[in-house]
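# attaching a predicted model along with its sequence, questions to come.
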Amino acid sequence: MKLIGPWLSGFTRRVGITLKLLGISFEHLAFHAYEQKELIRPFSPMVKVPALVLDDGTILYDSGSIIEYLHEAVGLERALLAPAGAKRRDALQFVGIASAIYAKLGDIYDESLRPPEHRIATIVDSLCQQALAGLQMIESRAGGGWLVGGSLSQADIMAVVTFQASLVFMPDVVNATAFPRLAGLAARAMEIEAFSSTFPFKQ
């Protein structure tokens, strides 16, 4: 398999962590969607990452769809998401909230690329407030262990990816003091190679 996209892309990182946790070998092509479009286009005509090239040449798009495929491939016992019931519902809620936050972070980053005279402060402020609200939702529901059912799941993967990105893109308001439970979750995750080996930021 080939995974296309840099770890700086949280959705690519989410897939990479999942592949590693499931013990599925892959080649990582860390092409940047903004800077290496021509390298990505043969794999993803829309130049969207991640894309996953299967061994038979089939290409999958969208992190959620890719992860659904991976879970099906390894079977229910190894999948990082409960097949049904409250655990699946709760995990998908965490994934949905974290994904929405991450999308806001992407918008904040895109706005930062504009020349200063063309940036709209009210838009950035609104994006930050939405992201903070989402982080507070996860923080309020987190405990001292993994988010759902006492075992590592997709909920933890996306929550950690998003929180760590928030530390970089919103450093004035997102830190371990403001979000101690999320900070603890991220620290536990970083003890696992799948998370530490895909961490895209300087420590």
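All right, it came through fine.
# right, and residue 111 touches residue 118 too?
No. Checked against CB atoms under 8 Å, the pair residue 111 and residue 118 is beyond contact range at 9.3 Å. Using the backbone N, CA and C atoms, a C-beta is placed for each residue, glycine as well.
# please identify which of the two sits among more neighbours.
residue 111 (15 against 8; other CB atoms under 10 Å).
# C-terminal to the strand or helix carrying the more buried one, what's the next element?
Residue 111 is part of helix 85-112, with elements assigned from DSSP states H and E. Downstream of helix 85-112, the first helix or strand assigned by DSSP H and E is helix 121-141.
# buried ones in the helix or strand containing residue 186?
Per DSSP H and E, residue 186 falls inside helix 180-189. Neighbour-count burial for helix 180-189 flags 181, 182, 183, 185, 186, 188, 189 (criterion: 16 or more other CB atoms under 10 Å).
# export those residues as JSON lines, with columns for distance to residue 75.
Formatted as JSON lines, those follow (distance: CB to CB, whole Å):
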{"residue": "181", "distance to residue 75": "31"}
{"residue": "182", "distance to residue 75": "31"}
{"residue": "183", "distance to residue 75": "33"}
{"residue": "185", "distance to residue 75": "26"}
{"residue": "186", "distance to residue 75": "29"}
{"residue": "188", "distance to residue 75": "26"}
{"residue": "189", "distance to residue 75": "24"}
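# out of these, which comes closest to residue 59?
Set against residue 59, the nearest of those by CB to CB is residue 189 (28.5 Å).
# go ahead and confirm the closest one touches residue 197.
No. Residue 189 lies out of contact with residue 197 (CB under 8 Å); the separation is 11.7 Å.
# thinking again about what came up before, buried stuff in the helix holding residue 111?
87-88, 90-95, 97-99, 101-108.
# what's the spacing between the most far-flung residue of the chain relative to its centre and residue 109?
Distance to the chain centre peaks in the chain at residue 117, reaching 31.1 Å (criterion: CA atoms, centre = their mean). Distance of residue 117 to residue 109, computed by CB to CB, to the nearest Å: 18 Å.
# pick out the residue closest to the middle of the protein.
Central residue of the chain (CA atoms, centre = their mean): residue 10, 3.7 Å from the mean position.
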